[in-house]
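**Student:** need a 3D model of the following:
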Amino acid sequence: MYHLLDGIRVLDFSAYVTDVVGCHFADMGADVIKVEPPPRGSLSRLVEPYVTHLGRNKKSLGIDLKKDDAKAVFTKLVKESDVIIDALRSGALDALGFGYEDAIKLNPKIVYLSVSGWGKTGPYRRLPSHGQSFDTFSSVEPVVVEDGVARSVFNSGHELAGQMGCSFGVIAALSALLNAQKTGKGVHIDVSEGEAGAWYFWSAAYDLLNKPKEERKFTPPSVVQADQRTRYRVYATKDGTAVFLQALEKKFWVNFANGLERTDLAERGNWSMGLDAGGYEGEFEELCAIFMTKTQQEWLQFFIEHDVAGGPTNSLVDLMDDPHFVSRDPFVEVDNFNGDGKLKMLGTPVKIKGEKFVPNNPPSFGRDTNDILKEIGLTDEEVKALHDSGAVQS
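**Tutor:** As a prediction, the model looks like this:
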């Protein structure tokens with residue numbers, strides 16, 4: 001982990017994709033305490049990557065907040081914390097006595113971050129849903145209906161809207177922390193994953209919102225390119241992969257053509273509007289044949305040498321071996337607490353000069369319960385009494 005957020009304590013109520021929020025905080029050095037109910041802990045523990053990857057650098061507090069003696073202990077913890085991540089179903093923490101209105105009375109500087117699929121308001125706020133619903137809701141994962149059969153275009157299952165919601169939540173919470181340090185006032189932040197997913201298409205939305213309704217049309221991204229662009233599209237290469245040519249501007253198209261020693265191509269174009277996406281008769285077929293003469297890496301080197309806009313295309317399998325990706329030192333390892341050896345995972349895209357990102361191991365359920373209780377002043381006898389009553393577990 002890094003140490004940019006040393007001294008910041010975060011109480012993390014999250015499960016599944018919302019564990020991303022606490023992971024971002026923990027990776028930057030915050031003291032992130034994953035609050036987990038006995039006897040088995042968070043639902044995230046049902047799926048290994050959520051606890052192993054997103055649980056790294058966190059602590060685990062096993063505590064039953066339905067018990068009065070546990071509530072008393074947790075009240076003290078809220079008073080000494082900076083952020084609460086409420087990613088449970090809407091109203092769950094309120095029912096336990098630790099909703100925003102309760103927390104702000106205990107700690108006026110608390111940053112209370114609620115991240116949920118639908119948000120705290122609106123007609124869907126109580127609709128139970130899983131993460132991929134917010135992708136289909138926000139059009140991040142388009143659904144098409146053909147011959148009466150509905151199918152999703154991507155069906156990725158990667159909960160992209162949820163990931164974006166978590167990222168927006170972290171940005172907002174860090175902003176609120178800075179404000180709390182200046183003003184002494186906390187705030188309640190409400191982030192909807194579905195709304196965050198819609199922001200993915202902010203440019204297209206801008207276009208739609210500024211047209212009359214009868215003129216609005218949006219073709220979602222698809223695995224098949226239906227338009228006639230030839231200078232901004234992917235092309236198959238000699239080795240069975242592909243590259244993305246992005247030569248919309250005159251200089252890039254001319255550089256591409258001159259690199260091929262094709263002056264006839266260089267002269268073909270109309271840049272009166274600044275850009276030319278191509279689409280000339282026969283150009284697509286000609287470019288398909290040209291790109292089949294080199295491998296992906298050979299084309300990328302060509303693009304670099306001749307200053308042509310473009311890039312590689314990768315499946316996730318290919319990406320793990322992409323020379324540029326690997327050169328960025330993207331992987332880290334943690335101990336496999338369920339067995340022997342190490343588990344490999346992605347690190348963080350954040351690079352800090354002079355520091356190396358080395359994660360701490362993810363916690364087994366309740367691993368840090370006793371240490372956390374002692375940090376807030378409980379004696380050994382008091383900790384033992386909480387264990388005896390079933391209020392906490394380690």
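
**Student:** at which residues are the strands of the stretch 101-250 of the chain located?
**Tutor:** Remark: strands assigned in the stretch 101-250 of the chain by DSSP state E, counting those that start in this stretch are 111-116, 143-146, 149-152, 187-192, 232-236, 242-246.

**Student:** buried residues of stretch 38-50, list them for me.
**Tutor:** Within stretch 38-50, the residues that count as buried by 16 or more other C-beta atoms under 10 Å are Pro38, Gly41, Ser42, Ser44, Arg45, Tyr50. C-beta: built from backbone N, CA, C; applies to glycine.

**Student:** tell me the pLDDT of the residue most central in space within the chain.
**Tutor:** Nearest to the geometric centre of the chain sits Gln163, at 3.1 Å (C-alpha atoms, centre = their mean). Among the per-residue scores, Gln163 holds a pLDDT of 92.

**Student:** so Leu160 versus Ser138, what's the distance?
**Tutor:** Computed as C-beta to C-beta, to the nearest Å, the Leu160 to Ser138 distance reads 9 Å.

**Student:** give me the helices and strands touching the helix or strand Glu305 falls within, please.
**Tutor:** According to DSSP states H and E, Glu305 maps onto helix 296-306. Packed against helix 296-306 by the contact rule (3 or more C-beta pairs under 8 Å, 6 or more residues apart in numbering; DSSP states H and E) you find strand 242-246, helix 250-259, strand 310-312.

**Student:** could I have the first one exported to CSV, CA atoms only?
**Tutor:** Below are the C-alpha coordinates for strand 242-246, written out as CSV (Å, rounded to 0.1, in the frame of the first residue of the first chain):
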residue,chain,number,x,y,z
ALA,A,242,-6.1,-6.5,-34.5
VAL,A,243,-5.2,-2.8,-34.3
PHE,A,244,-7.3,0.3,-34.0
LEU,A,245,-6.5,2.9,-36.7
GLN,A,246,-7.5,6.4,-35.6
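
**Student:** any buried residues in it, and which?
**Tutor:** Ala242, Val243, Leu245, Gln246.

**Student:** nearest to Gly169, of those residues?
**Tutor:** Gln246 (32.1 Å; C-beta to C-beta).

**Student:** isn't the closest one up against Thr313?
**Tutor:** No - using C-beta atoms under 8 Å as the test, Gln246 is too far from Thr313 to be in contact (11.8 Å).

**Student:** ok now stretch 314-327, how far from the chain's centre?
**Tutor:** 19 Å (C-alpha atoms, centre = their mean, to the nearest Å).

**Student:** do the same with stretch 8-26
**Tutor:** For stretch 8-26, the distance to the chain centre is 12 Å (C-alpha atoms, centre = their mean).

**Student:** show me where pLDDT drops low in the stretch 101-250 of the chain?
**Tutor:** Scanning the stretch 101-250 of the chain for pLDDT under 70 picks out the ranges 145, 153-157, 218-227.

**Student:** follow-up on the earlier one: and the angle from the helix holding Glu305 to strand 232-236?
**Tutor:** 140 degrees (axes from the mean of the first three to the mean of the last three C-alpha atoms, to 10 degrees).

**Student:** buried deepest among the strands of the stretch 101-250 of the chain, which one?
**Tutor:** strand 111-116 (a mean of 26; mean count of other C-beta atoms under 10 Å).

**Student:** name the helices or strands packed onto that one?
**Tutor:** strand 83-86, helix 100-106, helix 160-183, strand 187-192.

**Student:** if you set the cut-off to 10 Å instead, what comes out?
**Tutor:** Counting contacts by 3 or more C-beta pairs under 10 Å, 6 or more residues apart in numbering; DSSP states H and E, strand 111-116 is packed against strand 9-13, helix 19-27, strand 83-86, helix 100-106, helix 160-183, strand 187-192, helix 193-199.

**Student:** can I get these in TSV with distance to Trp253?
**Tutor:** Listed next are the helices and strands packed on strand 111-116 as TSV, based on distance: least, C-beta to C-beta, whole Å:
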stretch	distance to Trp253
strand 9-13	50
helix 19-27	40
strand 83-86	48
helix 100-106	55
helix 160-183	32
strand 187-192	42
helix 193-199	32
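
**Student:** buried deepest among the ones you listed, which one?
**Tutor:** strand 83-86 (a mean of 28).

**Student:** that strand packs against which elements?
**Tutor:** For strand 83-86, the packing partners by 3+ C-beta pairs under 10 Å, 6+ apart are strand 9-13, helix 19-27, strand 31-36, helix 92-96, helix 100-106, strand 111-116, helix 160-183, strand 187-192.

**Student:** relative to Tyr235, how far out is the residue nearest to Val254 when sequence neighbours are not counted?
**Tutor:** Nearest-residue entry for Val254: Ala266, 4.7 Å, with adjacent residues in sequence omitted and distances by C-beta to C-beta, 6 or more residues apart in numbering. As judged by C-beta to C-beta, Ala266 and Tyr235 stand 18 Å apart.

**Student:** end-to-end on stretch 383-394?
**Tutor:** One end of stretch 383-394 sits 11 Å from the other (C-alpha to C-alpha, to the nearest Å).
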